[in-house]
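[1] Model the following, please.
(one chain, ligands or ions: 3)
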Amino acid sequence: MSHSHPPFGVLLVNLGTPAAPTKDAVRAFLKQFLSDPRVVDLPAWQWQPILQGIILNIRPAKVAKLYQSIWWQEGSPLMVISQRQQLALANQLASRLGFAIPVALGMSYGQPSLADGLDELQRAGVDKVLVLPLYPQYSCSTVASVFDGVAAALKPRRNIPELRMVKDYHDRPGYIAALTESIRKHWQQHGKAEKLLFSFHGVPERYINEGDPYKQHCLTTAALVAQALALPEAEWQVCFQSRFGKEPWLTPYTDETLASLPSKGVKSVDIISPAFAADCLETLEEIAQGGKETFLHAGGEQYHFVPCLNDGEQHMAFLADLVISHAENWR
Ligand SMILES: C=CC1=C(C)c2cc3[nH]c(cc4nc(cc5[nH]c(cc1n2)c(C)c5CCC(=O)O)C(CCC(=O)O)=C4C)c(C)c3C=C
Ligand SMILES: [Fe+2]
Ligand SMILES: [Fe+2]
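    Ligands and ions are numbered 1, 2, ... in the order given. Modelled structure (predicted):
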């Protein structure tokens, strides 16, 4: 079967990352990210003076150093992995469907932007777009901001494409199986720790109280993986990382959990961050490096980080299935 125009295109979305591990590039990135009302929902008159007056003066230098500690030859890990995912997804779709489906990359913040990705799909002759945010668990701070960003990117267009968006895939069997398999493989190589920690990116607790299903999605993902691994209750736990700002975030906090486990007799942990489809600052620095220091300093003996699913075969095959199921009737 051949098409003069592709039947649909995929906009693969992730958070984005600074263009370089420098103070200026990190400042530009944080300014765009932290000005998004879906991320920080305070009124602008209240938040912008704090952001511009304090945070953007202090944080960029500190965070640029952290980015330098994880940066790869080819660029930011999040960007490099996202590009590999883009290629792998296009390959998986072509081999399943027998024809090419354009897959563009768009980031919520920084480059390539959501508008860049949507323009690329338009140039490919696409009139139907499936937006696939690489966030397994829905949160207003991530997925809803993708929705806002896509709408904003299409504002200048006279002719907008037909749109669908994946809201989440936190309990899809293929996603659970990919996580389960990556943990099993890790155990085969490194042995099994006394406890498996599922560390999800945190959000303010208030967002949950106001209706964000994110916490429920996280708890469900972890329970399904633990069930698939036949892990007894005592051998796994959920915690939440990357707290930012003053108000309470989802608990228990990952750093406090790691600091307290050795005194409760847990000397070895495996830790995985299922909310991230690609390794990034928050996994490679905060969890793989920082978490290890915290745990060993508190008396822990063995600490292993299980990498994100990244462009692994099973993960990409699952994402291709997800795309095809959402594109039903789009032929
Ligand atoms: C200020 C509030 C923040 C909320 C809410 C938040 C939610 C959230 N974020 C991710 C995924 C990622 N976040 C990343 C970096 C990052 N996140 C925040 C703040 C919030 N995140 C900041 C300020 C930063 C930048 C780094 C820093 O200054 O500490 C990244 C990594 C980007 C990279 O370049 O590697 C990802 C990915 C999720 C999934 C989520 C809610 C579910
Ligand atoms: Fe974040
Ligand atoms: Fe391990």
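
[2] Quick check, pLDDT for V269.
    Note for V269: predicted pLDDT of 98.

[3] so it makes contact with T294?
    No: contact criterion CB atoms under 8 Å: V269 and T294 do not qualify, at 10.8 Å. Where C-beta positions appear, they are placed from N, C-alpha and C, glycine not excepted.

[4] okay, and the common contacts of these two?
    Common neighbours of V269 and T294 (criterion: CB atoms under 8 Å, 6 or more residues apart in numbering): L258.

[5] And those two? Which one has more around it.
    More crowded of V269 and T294, by other CB atoms under 10 Å: V269, with 24 against 19.

[6] and the more buried one, that's in a helix?
    No: assessed with DSSP: H, G, I helix; E, B strand; the rest coil, V269 is strand; it does not lie in a helix.

[7] I'd like to know how far it sits from K192.
    11 Å (CB to CB, to the nearest Å).

[8] Just the buried residues of stretch 187-202, please?
    Judged by neighbour count using 16 or more other CB atoms under 10 Å, the buried positions of stretch 187-202 are 187, 192-202.

[9] Among the residues you listed, which ones lie close to ligand 3?
    A193 (CB under 5 Å from the ion).

[10] can you list the buried residues of stretch 187-202 in CSV and add pLDDT and secondary structure?
    Converted to CSV, these look like this (pLDDT from 0 to 100; DSSP: H, G, I helix; E, B strand; the rest coil):
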residue, pLDDT, secondary structure
W187, 98, helix
K192, 97, coil
A193, 98, coil
E194, 98, coil
K195, 98, strand
L196, 98, strand
L197, 98, strand
F198, 98, strand
S199, 98, strand
F200, 98, strand
H201, 97, strand
G202, 97, coil
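
[11] So which bits of the chain are right by ligand 1?
    With CB under 6 Å from any ligand atom as the criterion, the chain meets ligand 1 at residues 15, 17, 30, 34, 39-40, 59, 63, 76, 78, 135, 139, 141-142, 201, 203, 214, 242, 244, 275-276, 280-282.

[12] Name the residue closest to the centre of this protein, please.
    F276 (3.3 Å; CA atoms, centre = their mean).

[13] where's it, which helix or strand?
    Counting by DSSP states H and E, F276 is held by no secondary-structure element, helix or strand.

[14] in the stretch 151-300 of the chain, which spans are strands?
    162-165, 195-201, 236-241, 268-272 (DSSP state E, counting those that start in this stretch).

[15] strands paired with the second one, and their directions?
    Taking DSSP bridges as the criterion, strand 195-201 forms sheet pairs with strand 236-241 (parallel), strand 268-272 (parallel).

[16] The residue in the stretch 151-300 of the chain positioned nearest to ligand 1 and R38, how far apart?
    Residue nearest to ligand 1 within the stretch 151-300 of the chain: C280 (2.9 Å; CB to the nearest ligand atom). Counting by CB to CB, the separation of C280 from R38 is 19 Å.

[17] cool, and L118?
    19 Å.

[18] Confirm C140 sits in a strand?
    No: going by three-state DSSP, the assignment for C140 is coil, not a strand.

[19] residues contacting it?
    38, 207, 212, 214.

[20] Could you list the buried residues of stretch 113-123?
    113-115, 117-122.

[21] Strands - which of those residues land there?
    Among those, the subset assigned to strands under DSSP state E is empty.

[22] and these as JSON lines, adding pLDDT and distance to S263?
    JSON lines is the format used below for those (pLDDT from 0 to 100; distance: CB to CB, whole Å):
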{"residue": "S113", "pLDDT": "98", "distance to S263": "47"}
{"residue": "L114", "pLDDT": "98", "distance to S263": "46"}
{"residue": "A115", "pLDDT": "98", "distance to S263": "51"}
{"residue": "G117", "pLDDT": "98", "distance to S263": "48"}
{"residue": "L118", "pLDDT": "98", "distance to S263": "51"}
{"residue": "D119", "pLDDT": "97", "distance to S263": "54"}
{"residue": "E120", "pLDDT": "98", "distance to S263": "53"}
{"residue": "L121", "pLDDT": "98", "distance to S263": "53"}
{"residue": "Q122", "pLDDT": "97", "distance to S263": "57"}
